[in-house]
Structures are given as C-alpha cells and as structure tokens.
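A.B. asks: build me a model from this:
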Amino acid sequence: MTWLPGSLRHPSLARRLVLLALGWSLAALVVTAIVFALLFQQAAVRRVDQTLNDLTVNLVTYSTVEEGQVFAPPFTDERALRVYSGRYWEIAEPTADGKLRPLARSHSLFDAVLNAPPDLVARLKAKPGRHISYDTRGPLNEPLRARAQQNWKPGRKAPIIFLAAEDRSSVNRDVQGFVAATAAAFIVLGAGLVVAIVMQVRVGLRPLFELRREVAAVRRGKAERLAATYPSELTPLADELNALVDHNRQVVDRQRTHVGNLAHALKTPISVMIAEAGQRPGPLAEVVTRQAEAMRQQVDHHLRRARAAARTQGQGERTSVAEVLDELTRTLQRIFHDKGVSIDWDAADDLYFLGERQDLLEIAGNAVENACKWCRSRVKVRAEAAGPARFRLVVEDDGLGLPRDRREEVLQRGARLDETAPGSGLGLSIIDELARAYGGALKLGDSGLGGLRLEVDLPRAEA
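C.D. replies: The predicted structure is shown next:
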C-alpha cells in the first residue's frame, strides 16, 4: 500500500474516532428524519382517507334506486356544492370494457369526471365491499386523494361504484413544511453532535497527547521519566515506557563502563611498550614506537566513536551551544595569543545541542583549533538553527584554504597535509565521525574570509 498518501497509510486515531462517530450519528439522524417525515405523511393521508370514507359511506347509505335509476342523496357535503371546490363525489357503474360510466356526480365536478386507474374496476371486483384508495388528478389538474367502493343496491342487478375525492394540496404543503422544519432541527442537532463528538474525542484522547508530549520531553532531554498521572488504561503503558527508559540508561551506563575499562586495559600496555622502546634506542625501538603510537590513535578513535554511539542511544541531553563556544574561544585565544588570533563567534542563547557537552566540546574544539592553527589572524565561528531539529556549526578562517581535490583526503584518519605542523592529523576525522554518530555530517568548502570553511550538521534540542 505504498502508493497511498501518508495520511491514509497512517490515519489519525482522533480522526478515525471522529469520523466513525459522525458517520453513525449522521446516518441515524438522516434515517430518523426520513422516518418522521413518512410517519407524518401517512398520518395526514389517513385523516383525508377517513374523511373520504365518511363521504362514501353516506353515498352508499343514502343513495336510492327508482325504476333502475340511481339517485344520490340531496345533501352530502357543503364543499361538494361549490364548483371545483376540491371535494368531489361520483356514482358510476362499470362498463363491459372495464371503464366507468357516471350515473351521478357532485355539483363541484361541474362538467368533469373523476379520473380512475385503468385497473380500478378489476380491483373493486376482486374486493367487493372494500375501500380502495388511490391518487389522481382533479378538474384543475390539482392532486387528489380518491377513495372508491363497489356495492349493490336493491332494484339494480349491476354493481354500483361510489367514488369520493379531495384536494391533497394542503396535505402536501403540511408535509413539506414538516419536512423543512424537521430538516432544520436535525441540521442544528447534527451540528451540535459534531461539536460534541469532536470535544469528546479530544478530551478522551488528551491523556494520549500528554503521554506523547512527555515521551518527546524525555527524548529531547527535558525530563528523565514520565511523571504525569494517567488513566488506568494508559498507566501500564506509561510504566512500561519508564521501564524501557531505565533499561536504556542501564545499557548506556554499562557500555560506558566497558568503554572505560577497555581504554584502561589497552592504553596501559601501549604506554609501557612506548616507554620501553624509548629506553632502548635503535631501529627496532623506532618501529615499535611508531606502531604503538598508531595503535594508541586507533584505540582513541574507536573508543571515541563507541562513546558517541552509546550517548546517542541513551536519553537526550541538552547542551548550550553559546556556553561551549564562549569557553572554547577564551581558551584558544589564550593558547594562540602569540599568533594574535582573533576569534569572533555568534550563537543564540536558546540554541541547544541534543547530546553531551563533552561531545560538542570535542567537535567544536577540533574545528576551531584547526582554524586557529591554519589561519593568518582571524577565525569566525557561527552556530545557527537549520530547522526545528537540526543546527549547523560553521567555522571559517582567513588562511590559505584547502584545494578541492585534497578535502576528502584530510578526512581520513591520521591524514596530514603539512607534516611539519604539530598534531596527529585526527582533528577533522574526529569531527566527521562524531557528527556521523549524531546523524549529521562534516562539509568542507571555501570561506568568505579566504580560507577554509567547515560546516557541521548536528541535532538540535528544544529550548
């Protein structure tokens, strides 16, 4: 599923809960609104059907047959006396082709007849004496609710069909008004549910957000453990995280102890070898001394790298960059006082290195010392943020610089371009390896002062 966007591959738990609750809530609201509208419509139609039922019952009861002719009652309904009033009745008989032939009708129909479905006669014949309701159109093309009943009257061998109808426009308007009012009410209710669900999820997940902030604070060195009180569901997780932090701290401490023990175990024999070789001059002693010094440099290099790796695996620590640079420049200006070196440095007070002070001292110390060694008189040091989680340390000098084709060479362990200059040739290599241990890198370039420019990318801790 790598083709999916990141937001879909790793969906938000809060978004998932909100969408799930909103989906069910809104679906329930829509279904409820539809059911209410249907129930209201059915109730309104039933009222009209009851009125029409009373009218057809009167027609059936009070109609008479004389000499085969059907006569309607003299008075059925006041509205049925007004032309196109919206309430109509009709007495008809079925024809051989299944249609209706009017025998009598209300004055409100005037010169019109009630429209009936083509299968009405067949349906009435199948259910004699039962009412059948249907929708049709009136003389003015208005919507009508109609009711029909087939019955027999003494004096006629053929059945008689009694029909009554009423304009249902008012019913439709009432239904539409109810639907509009219901929709508005449910929209307001839905908006309230949205707010309530979002607030409920935010409040319910607040302990998780707090847990995330505490874990981030531990990682960034602002706290040593998770100290907040969490709900019973999250307390075991917080305890396990604290146990993991303690375990990592113990592992780091053991690594540092092993590194220290190894350093003492190896440095002492090497020092003895160098001392013994110095007391017995000769070709063999020179070889032993040279190789022992190389072994010491290798031991220092690998121990330094192991210490840096152990520190980066441990809990985060915060080191003020400005304090380290201030200490370094004071020391190095005293060391290079006879050369007249001027060191200008700049770093924000709220800029912090996410690591141990000793590592930053070693990185910045080697970089600034190298610049002081090769500059004419001026060194410029600048530390600046390079994003929310990184910062860069830039050291420039006004020396002769370094050719592009030699820059990779000086990063090799023990590489020295000038054998007459003091030093072991490990300075830039140390910077590069420590920076890599912290997930950064060392870049060499041309300085605006005319010499070499060193740029080190390092992790940044929050202020």
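
A.B. asks: beyond the helix or strand harbouring Asn370, next helix or strand please.
C.D. replies: Taking DSSP states H and E as the definition, one finds Asn370 inside helix 357-374. Of the helices and strands lying after helix 357-374 in sequence (DSSP H and E), the nearest is strand 378-385.

A.B. asks: and that next one with helix 357-374, angle?
C.D. replies: 150 degrees (axes from the mean of the first three to the mean of the last three C-alpha atoms, to 10 degrees).

A.B. asks: show me where the stretch 51-200 of the chain has helices.
C.D. replies: 120-126, 169-219 (DSSP state H, counting those that start in this stretch).

A.B. asks: tell me which of these sits nearest to Phe110.
C.D. replies: helix 169-219 (18.8 Å; C-beta to C-beta). Quick note: C-beta positions are derived from backbone N, CA and C, even for glycine.

A.B. asks: which other helices and strands contact the helix holding Asn370?
C.D. replies: Counting contacts by 3 or more C-beta pairs under 8 Å, 6 or more residues apart in numbering; DSSP states H and E, helix 357-374 packs against helix 283-313, helix 321-335, strand 378-385, strand 390-397, helix 427-437, strand 452-461.

A.B. asks: on that earlier part again, right, so the helices of the stretch 51-200 of the chain: which one is the most enclosed?
C.D. replies: helix 120-126 (a mean of 16; mean count of other C-beta atoms under 10 Å).

A.B. asks: which residues does it contact?
C.D. replies: 94, 98-100, 117, 130, 132, 134, 148-150, 159, 161 (C-beta atoms under 8 Å, 6 or more residues apart in numbering).

A.B. asks: may I have it as CSV, with CA atoms only?
C.D. replies: Extracted C-alpha coordinates of helix 120-126, given in CSV (Å, rounded to 0.1, in the frame of the first residue of the first chain):
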residue,chain,number,x,y,z
LEU,A,120,-59.8,0.1,-10.6
VAL,A,121,-62.9,-1.9,-11.8
ALA,A,122,-60.9,-5.2,-11.6
ARG,A,123,-59.6,-4.3,-8.2
LEU,A,124,-63.0,-3.5,-6.8
LYS,A,125,-64.5,-6.7,-8.3
ALA,A,126,-61.8,-8.6,-6.5
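
A.B. asks: what ranges of the stretch 51-200 of the chain fall below the confidence cut-off?
C.D. replies: Along the stretch 51-200 of the chain, segments meeting pLDDT under 70 span 76.

A.B. asks: all strands for it, in order.
C.D. replies: 64-66, 69-71, 87-94, 100-105, 131-137, 143-151, 160-167 (DSSP state E, counting those that start in this stretch).

A.B. asks: isn't Ala158 right up against Pro94?
C.D. replies: Yes. Using C-beta atoms under 8 Å, Ala158 is in contact with Pro94, at 7.4 Å.

A.B. asks: same drill for the two, tell me which one is more crowded.
C.D. replies: Pro94 (19 against 11; other C-beta atoms under 10 Å).

A.B. asks: isn't the more buried one right up against Leu163?
C.D. replies: No. The criterion here is C-beta under 8 Å, and Pro94 misses it with Leu163 at 11.9 Å.

A.B. asks: if we can go back for a sec, what comes up buried for the helix holding Asn370?
C.D. replies: Buried residues in helix 357-374, counted by 16 or more other C-beta atoms under 10 Å: 359-374.

A.B. asks: could you give the mean pLDDT of that helix?
C.D. replies: For helix 357-374, mean pLDDT is 88.

A.B. asks: the inter-axis angle of that helix versus strand 452-461?
C.D. replies: Using the same axes, to 10 degrees: helix 357-374 against strand 452-461 is 170 degrees.

A.B. asks: grab the CA positions of helix 357-374 and hand them over as CSV.
C.D. replies: The C-alpha coordinates for helix 357-374 follow below in CSV (Å, rounded to 0.1, in the frame of the first residue of the first chain):
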residue,chain,number,x,y,z
ARG,A,357,28.6,18.6,26.5
GLN,A,358,31.9,16.6,26.1
ASP,A,359,31.0,15.6,22.5
LEU,A,360,30.2,19.2,21.5
LEU,A,361,33.4,20.4,23.1
GLU,A,362,35.3,17.8,21.1
ILE,A,363,33.6,18.7,17.8
ALA,A,364,33.7,22.4,18.2
GLY,A,365,37.2,22.3,19.8
ASN,A,366,38.8,20.4,17.0
ALA,A,367,37.1,22.6,14.4
VAL,A,368,38.1,25.9,16.0
GLU,A,369,41.6,24.7,16.9
ASN,A,370,42.2,23.6,13.3
ALA,A,371,41.1,27.0,12.1
CYS,A,372,43.3,28.8,14.6
LYS,A,373,46.2,26.7,13.6
TRP,A,374,46.0,27.5,9.9
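
A.B. asks: so how far is that helix from its chain's centroid?
C.D. replies: 43 Å (C-alpha atoms, centre = their mean, to the nearest Å).

A.B. asks: what angle do it and strand 390-397 make?
C.D. replies: 20 degrees.

A.B. asks: model confidence at Leu393, what's the number?
C.D. replies: For Leu393, the predicted pLDDT is 93.

A.B. asks: tell me who's in contact with it.
C.D. replies: 321, 363-364, 367, 381-383, 454-456, 458.

A.B. asks: cool, and Ala389?
C.D. replies: 354, 459-460.

A.B. asks: which of those residues lies closest to Gly138?
C.D. replies: Distances from Gly138 to the contacts of Ala389, taken by C-beta to C-beta, are shortest for Arg460, at 82.0 Å.

A.B. asks: among the contacts of Leu393, which ones are buried?
C.D. replies: Buried among those (16+ other C-beta under 10 Å): 321, 363-364, 367, 381, 383, 454-456, 458.

A.B. asks: returning to that earlier point: closest to Pro236 out of the helices and strands packed on helix 357-374?
C.D. replies: helix 283-313 (24.8 Å).

A.B. asks: okay, now Ala243: neighbour count?
C.D. replies: The burial count for Ala243: 11, using other C-beta under 10 Å.

A.B. asks: what's the burial count for Lys443?
C.D. replies: Residues near Lys443, counting by other C-beta under 10 Å: 15.

A.B. asks: chain neighbours aside, what residue packs nearest to it?
C.D. replies: Glu455 (4.5 Å; C-beta to C-beta, 6 or more residues apart in numbering).

A.B. asks: what of Leu17?
C.D. replies: Per C-beta to C-beta, 6+ apart, closest to Leu17 is Val201, 4.9 Å.

A.B. asks: how close does the one you found get to Gln149?
C.D. replies: 59 Å (C-beta to C-beta, to the nearest Å).

A.B. asks: one step back: adding distance to Gly192, write the helices and strands packed on helix 357-374 out as TSV.
C.D. replies: Below are these laid out as TSV (distance: least, C-beta to C-beta, whole Å):
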stretch	distance to Gly192
helix 283-313	50
helix 321-335	51
strand 378-385	44
strand 390-397	45
helix 427-437	55
strand 452-461	44
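
A.B. asks: where in the stretch 351-463 of the chain is pLDDT low?
C.D. replies: Checking the stretch 351-463 of the chain against pLDDT under 70 turns up 409-427, 463.

A.B. asks: going by distance to Val251, which of the contacts of helix 120-126 wins?
C.D. replies: For the contacts of helix 120-126, the nearest to Val251 is Tyr134 (84.9 Å; C-beta to C-beta).
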